[in-house]
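**Student:** sharing a model that was predicted from the sequence below.
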Amino acid sequence: MVLLSRNSGAADSTSPKLPYVSTRPTMPNRQAIALISEHGDPAAEIGKEEAGGQNVYVRQVGEALAKLGWQVDMFTRKVRVDDATIVQHSPHCRTIRLIAGPQEFVPRDQLFEHMPAFVEAFQKYQAQYNYPLIHTNYWMSAWVGLEVKKTHNVQLIHTYHSLGAIKYQAVQNCPAIGHTRLQVEQQILEQANCIVATSPQEQESLRSLVSHLGHIEVIPCGTDIETFQAIPKMAARSHLGFQPHDQIVLYVGRFDQRKGIETLVRACGQLKENANLKLVIVGGSDPTQSDGQERLRIEAIVEELGLSKQTIFAGRVGHDRLPLYYTAADVCVIPSHYEPFGLVAIEAMACGTPVVASAVGGLKFSIIPEETGLLVPPQDVEAFAKAIERVLRNDLWARKLRRQASERVQRNFSWSGVAAQLSDLYRRALAQSIAHEMLVMVGQSSYASRTSALPTSALPTSALPTSALPALTKVS
């Protein structure tokens, strides 16, 4: 059951007041919770600088949780003066943009200095609505959650989205903020009530690279299976202006060197003798930002390899049109150096499109080799070329991959299913918080009555031993 507001009228005046419940007068019978995504604005247009999988995850999870009975407030940093402070997505789900530093885009590596201001802005909402549970996303949001936990007895849940311990292995020069990030990522694992890993592979990385302490549960990412679904391939091609004989290799994502677009382009360079080959790159960019510079670099490689006539830069594409691109494609390629999960993979698979991807992170969980696609070593141009060619040449096998890919997503990766698992986790965490509070109250009352005659020096430092506190079950 959803925890009731004190003002809901559902309990009589003699009922004990439960701790940490919402006092929101306009939202009776709904428990308010906070999702924090400091740089990944849930209301942002996907595909812009710093707008990608995390934005989708938080927005979709928030809306799905609202359908399950929660009041969901999603907090992010305001990056433009003209942006609305509050965006109402549904009656019980909204994005709240907090002012923390200049109201302009700030690269992630320079954003941490503004997090104290983010905490201060969030505390004003916490004082008003008393969120008993906070689900943070990415390491800077984790720091915010840890700061809030110092002054409020909240249940803290965290999803990493990426790990510094893995990211910094692949770069020559670790940024100045790197040491702080690694410390926070360890601290949140050890001090949060629960970590949500999006794949067993991420869970293994956390244990081997971050800490053996802390509680972890594996709950995957999802996709909107009503939007991303198989539609007639030729109809999609006709709508987008592609020819029936085109052999379309698709990339969807941000322009970022870590996304491995160069690997894909060079792999297609080895296949350019195929006159029907079309490389379609979907993703927005801003000429004034780093993604715009990466696009220019990729365009130069395309020209260098003589692929200009076979390559289409489709730009930013809305989620309403993305299924057309996925369905029209013969294969979707995800050449990332690392992906904790890989939302693009399951979006493509949901549309019945085989996937060729780097054998890294959560991609090894979402893709079943030889059944829904192929996995190859990251940054291996020749391996990607061979895998792409294999899918393009074997039409009968590719059709089998299409069917099995769609079925796997339908069974395992719907947002409603993901939200149901998160909702169950939240309820258990809140129930344990209430049980803990009640145990402490009973223990203190009982101990006080038994020791009232004892001198002060005889009292222990805690009325309830730590071993008596309930804990989330660790999932291995």
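**Tutor:** Yep, it's here.

**Student:** quick check: closest non-adjacent residue to residue 197.
**Tutor:** Using Cβ to Cβ, 6 or more residues apart in numbering and skipping the chain neighbours, the partner closest in space to residue 197 is residue 203 (4.1 Å). Placement of C-beta: from N, CA and C, glycine included.

**Student:** residues contacting the one you found?
**Tutor:** Residue 203 makes contacts with 197, 216, 218, as judged by Cβ atoms under 8 Å, 6 or more residues apart in numbering.

**Student:** how far away is residue 214 from residue 119?
**Tutor:** 22 Å (Cβ to Cβ, to the nearest Å).

**Student:** what do you get for residue 230?
**Tutor:** Between residue 230 and residue 119 the distance is 45 Å, computed by Cβ to Cβ.

**Student:** same question for residue 363.
**Tutor:** Taken as Cβ to Cβ, the span from residue 363 to residue 119 is 34 Å.

**Student:** got it, and residue 264?
**Tutor:** Plainly put, residue 264 is 40 Å away from residue 119 if you go by Cβ to Cβ.

**Student:** also residue 296?
**Tutor:** Separation of residue 296 from residue 119 (Cβ to Cβ) stands at 37 Å.

**Student:** between those two, tell me which one has more neighbours.
**Tutor:** Set side by side, residue 296 and residue 119 show more neighbours around residue 119, with 21 against 11, by other Cβ atoms under 10 Å.

**Student:** leaving out sequence neighbours, find the closest residue to that one.
**Tutor:** residue 147 (4.7 Å).

**Student:** ok, which stretches of the stretch 151-300 of the chain are helices?
**Tutor:** In the stretch 151-300 of the chain, the helices defined using DSSP state H, counting those that start in this stretch lie at 164-167, 178-191, 200-205, 233-240, 261-269, 290-304.

**Student:** tell me which of those helices sits nearest to residue 83.
**Tutor:** Evaluated over the helices of the stretch 151-300 of the chain, closeness to residue 83 peaks at helix 290-304, with 19.4 Å, by Cβ to Cβ.

**Student:** show me the contact partners of the very next helix or strand once past that closest one.
**Tutor:** Going down the chain from helix 290-304, the next helix or strand is strand 311-315, by DSSP states H and E. Outside strand 311-315, the residues that touch it by Cβ under 8 Å, 6+ apart are 265, 268, 278-285, 295, 299, 302, 325.

**Student:** which two from those end up farthest apart in space?
**Tutor:** Pairwise distances across those peak at 21.0 Å for 268 and 284 (criterion: Cβ to Cβ).

**Student:** which of those two has more neighbours?
**Tutor:** Just comparing residue 268 and residue 284: by other Cβ under 10 Å the higher neighbour count belongs to residue 268, 25 against 19.

**Student:** got a list of what the nearest residue to that one once chain neighbours are set aside touches?
**Tutor:** Of all residues not flanking residue 268 in the chain, residue 279 sits nearest, at 4.8 Å (Cβ to Cβ, 6+ apart). Going by Cβ under 8 Å, 6+ apart, residue 279 touches 249, 251, 264, 265, 268, 302, 307, 310, 311, 312.

**Student:** ok, now residue 95?
**Tutor:** By Cβ under 8 Å, 6+ apart, the contact set of residue 95 is 41, 42, 43, 59, 62, 74, 75, 76, 86, 87, 89.

**Student:** isn't there a strand covering it?
**Tutor:** Yes: counting by DSSP: H, G, I helix; E, B strand; the rest coil, residue 95 is part of a strand.

**Student:** any idea what it is bridged to?
**Tutor:** Residue 95 has these beta-bridge partners by DSSP bridges: residue 74, residue 87.

**Student:** output the below-cut-off pLDDT ranges for the stretch 351-476 of the chain.
**Tutor:** Judged by pLDDT under 70, the stretch 351-476 of the chain has its weakly predicted residues at 436-476.

**Student:** how about the helices in it?
**Tutor:** 363-366, 381-393, 395-412, 415-451.

**Student:** quick check: which of these is buried the most?
**Tutor:** Most buried of the helices of the stretch 351-476 of the chain by mean neighbour count (mean count of other Cβ atoms under 10 Å) is helix 363-366; its value is a mean of 24.

**Student:** for it, C-alpha coordinates in CSV please.
**Tutor:** What follows is helix 363-366, C-alpha atoms only, in CSV (Å, rounded to 0.1, in the frame of the first residue of the first chain):
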residue,chain,number,x,y,z
LEU,A,363,25.5,-4.5,-23.4
LYS,A,364,26.6,-8.0,-22.5
PHE,A,365,23.4,-8.3,-20.5
SER,A,366,20.8,-6.8,-22.9
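
**Student:** before we move on, back to that, isn't there a strand covering the residue nearest to residue 119?
**Tutor:** No: looking at residue 147 with three-state DSSP, it is helix, so not inside a strand.

**Student:** do you know how far it is from residue 271?
**Tutor:** According to Cβ to Cβ, residue 147 stands 51 Å off from residue 271.

**Student:** ok, now residue 277?
**Tutor:** Taken as Cβ to Cβ, the spacing of residue 277 relative to residue 271 amounts to 6 Å.

**Student:** which one of the helices of the stretch 151-300 of the chain is the most hemmed in?
**Tutor:** Neighbour counts (mean count of other Cβ under 10 Å) averaged over each of those peak at helix 261-269, with a mean of 22.

**Student:** packing partners of it?
**Tutor:** strand 247-252, strand 277-282, helix 290-304, helix 381-393 (3 or more Cβ pairs under 8 Å, 6 or more residues apart in numbering; DSSP states H and E).
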